[in-house]
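S.K.: This is a predicted model, with the sequence first.
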Amino acid sequence: MKHQIVNIIVDLLGERSLPLVRRLLSSTEQEYRILAVESLGRLPGDEPAQLLLRCLSDPHRIVSDYASECLARKQNLNLDLLLEHLSTDDENLRFLVIKTIGSIGGLALNPIIRILEQGNKQERLFLLGVLQRITPNPKLIDVLISLLGDPNWPVRNATANCLRSYGEVAVPAVVRMLNAPSEDIQYWSKRILLLMGPAAVTVLTTILEEGTDGSLIPHIIAALLAMNSAEAVPAVTRFLQQSDDNRVNSVFAGIGEITSREVVENILNLLTHPEERIARWLAVLLSKVRKPHLKRSVLLGLNHSNETCRYYVLDALKHWGNLTEAELKGIIRQLELEKTRRNILAVADVLSGYPLPFVIFAIKEYLKICNADLMLDLMLIFATVDHQGFGPMLAELLNMRSELIQIEHIERVGKVLGLIFKARPEGILQGLSSPTMAFRLCCIVALEQIEDKRVAFALMDNLNTRDTPEILERAVKILARFFFSDDFRLKGAVTDFLLSLGLVIVKPLSEFVETIENDIDRKALVDLIESVGGKVEQSLLRKKGEQKVVLSDDHLDNVLERRKQAMAELEKYDRIIQEAHTLELTIMFTDVKGYTAFSAKASLSEVMSMLKQHDEIMMPIIEKHSGKIVKKIGDAFLIIFEQPAKALLAAIAIQRRLKEHNTSTSEEHRLALRIAINTGSVICRENDVFGDAVNVASRLEGIADAGEIVISEATSTQVDATIFELLPHGEHKLKGIEKPVKTFRVAW
């Protein structure tokens, strides 16, 4: 009844009811003060607000908290009244003011940000607790993200909880921090995503499919794989289907440990994927399992009825490197259970990393009963490991089961022997004196893998013209390696021996000559062939009229003098090329991601229309920035610039123009461009450019994603870092390029 009476009076009198409300506030009874607080919350203007602020100091917590709630709900509240009380010495009052500001949310954004940035630890903690209950604002989320690097652990933890409570809205901002320089911020970002669970999976999947900063992708994949969500692995599978192997390899290399049981189980279920490439990459993820309980789950995959699933489980196991005795015994049993050659060899691949007595014994027992073909394939696996534990066992078994060896097995037997006796070739060298031609041939095959001058002397001691042509020809090729030895005694002995064999050496040495790149060495061998009356193909002959190289004491001096003259000529022509044909240029490669797939399913007119749009966007920008199009193949451009800065400006302008184009066109007609840039010396010839700098730029394109501009370190050092924002993009081993290339991504 009291409540209703007060409400009626306040509704009728409005601000004129303030005297009554003041009397209620002065009451010693809590009930009347609460009625007064509620009434003040309904009255407009600053005076009721000031009275509510006084109520924040009420000795009864229920009254002061209720006053804070009423202030937060008050229409058109003058925030300055609240801010005036932030500097009060009354700690309880200050916290209630902070609580009120936090509860107001977006309308009090600036004060909230000021408290988060400048308040003390307790004030920030208090406000962070309040902020979990309000609707988030992008600017507020950015400030919260910065607090993940706060020196105080409680503040970081409270910030993480606050961001987690915002759910999907906060995910994009959190994802950006996965690539933060601070490992601490990376940790908290991953933790937030894990705490969000399915909500984060949905957003991460969308980000992955729509494309993002390439350097973030490994973190996103790792975050997905760390979540106990059924959707994580399918999202990764879609990424595998949309990316080439180089891209996947660079992403997977940045993924640490797989820690989610559900992810492991989902991967196991997908190992029967119809695309073996997908299954192979999923097996790579299983190789990153480290926790014992998850390893047990993976090992259960060996019981799967599908042999392909078992094969890829085995493929993962060989990378673990720390299998226990119990696990190894389970894999040994698998050796007996598997029926297909591929799976049996996969089991052997795993066991070859564990030369333990019980493993060696089990392998020996299995090799005793399998057929000769399978036995030799398995022996090659264990011999390749280069461990003394397997060698004696394999040698014993070869001797024990020698009756099974047929002519077609000689190549593999020889390779096994060569691997077993690589460090100790005496056993093979003794075999050269065997009266059995097949065994002698096995020894020859084995010696092809061994670099030891004892091999040459043993061959010369045991070879004779009665040997089969195959033995002689292969032996001659082995001896040819020692023809170029620094040991002149050995070189002389080999030369004399080869000459003594006569025409037998012509065919094998002619074949061997083709493998030699050094012209002088080629000529020396050609002369040796001619010395026994042999004829060689025209392409192997020296130039007409050139004096024959004589293998004598004067030979070396003669070769060195000609080398000196050749080097002088080479230096002269190098200078001519450098001065007349070499330029320092910046090379840009571009191509449209997804063009091949689009052109395969689209009509010719659609493809031509897309290329026309592409060219109309690109060419004016290239011309404006003084670029020259050297080559155009379909959707791909090779462009050169004299100034690196102009190349970067052109690339940024292209990406921005494409972004505008894509917002105004249908999804199937959008253009997603990859751009790669490198700077260096190139040779210009017939309107084309050649050189390592061009090759590097071409390879860099393979690590760029849609919408990215990737540049080399060579380019980055020649542009102003205060003008361009260059983000580290890692070192990459590029195909055909000797050294890893440090790269940067240009923000645009």
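M.R.: Yep, that arrived. Residues are numbered from 1 along each chain as shown.

S.K.: which residues of the stretch 251-400 of the chain fall in strands?
M.R.: Assigned by DSSP state E, counting those that start in this stretch, the stretch 251-400 of the chain shows no strands.

S.K.: R290 versus the residue nearest the centre of the chain, what's the distance?
M.R.: Note on the chain: the residue nearest the mean C-alpha position is S250, at 1.8 Å, using C-alpha atoms, centre = their mean. When distance is defined by C-beta to C-beta, to the nearest Å, S250 is 22 Å away from R290. C-beta coordinates here come from the backbone N, C-alpha and C atoms, glycine included.

S.K.: ok, back up a step: you'd agree the residue nearest to the centre of the chain is up against E731?
M.R.: No - using C-beta atoms under 8 Å as the test, S250 is too far from E731 to be in contact (10.6 Å).

S.K.: Tell me the strands beside the longest strand that the chain contains, with direction?
M.R.: Longest strand in the chain by number of residues (criterion: DSSP state E): strand 673-685. Using DSSP bridges, strand 673-685 pairs in its sheet with strand 582-592 (antiparallel), strand 688-690 (antiparallel), strand 709-712 (parallel).

S.K.: would you list those strands in CSV and tack on distance to E327 and mean pLDDT?
M.R.: Formatted as CSV, those follow (distance: least, C-beta to C-beta, whole Å; pLDDT from 0 to 100):
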stretch, distance to E327, mean pLDDT
strand 582-592, 47, 91
strand 688-690, 54, 82
strand 709-712, 43, 96
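
S.K.: right, so of those strands, which gets closest to N662?
M.R.: Smallest distance to N662 across these (C-beta to C-beta): 11.8 Å, for strand 582-592.

S.K.: and D245, what does it touch?
M.R.: D245 is in contact with R277, counting by C-beta atoms under 8 Å, 6 or more residues apart in numbering.

S.K.: Return the alpha-carbon coordinates of the longest strand of the chain using PDB.
M.R.: In PDB, the C-alpha atoms belonging to strand 673-685 read as follows (Å, rounded to 0.1, in the frame of the first residue of the first chain):
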ATOM      1  CA  LEU A 673      44.200 -11.500 -56.400                       C
ATOM      2  CA  ARG A 674      47.500 -12.700 -55.100                       C
ATOM      3  CA  ILE A 675      50.500 -10.400 -55.500                       C
ATOM      4  CA  ALA A 676      54.200 -11.200 -55.000                       C
ATOM      5  CA  ILE A 677      57.100  -8.700 -55.300                       C
ATOM      6  CA  ASN A 678      60.900  -9.100 -55.300                       C
ATOM      7  CA  THR A 679      63.800  -6.800 -56.200                       C
ATOM      8  CA  GLY A 680      67.100  -7.800 -57.700                       C
ATOM      9  CA  SER A 681      69.300  -8.000 -60.800                       C
ATOM     10  CA  VAL A 682      67.700  -9.300 -64.000                       C
ATOM     11  CA  ILE A 683      68.900  -9.900 -67.600                       C
ATOM     12  CA  CYS A 684      66.600  -8.200 -70.100                       C
ATOM     13  CA  ARG A 685      66.400  -9.900 -73.500                       C
END
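
S.K.: Kindly report the domain assignment for the chain.
M.R.: Here the domain assignment for the chain is 2-181, 197-322, 581-746, based on automatic domain parsing.

S.K.: Columns distance to E411 on top of these, output as CSV?
M.R.: CSV is the format used below for the domains of the chain (distance: least, C-beta to C-beta, whole Å):
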stretch, distance to E411
domain 2-181, 51
domain 197-322, 25
domain 581-746, 31
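
S.K.: Surely L51 and L24 touch.
M.R.: No - between L51 and L24 there is no contact under C-beta under 8 Å: 10.5 Å.
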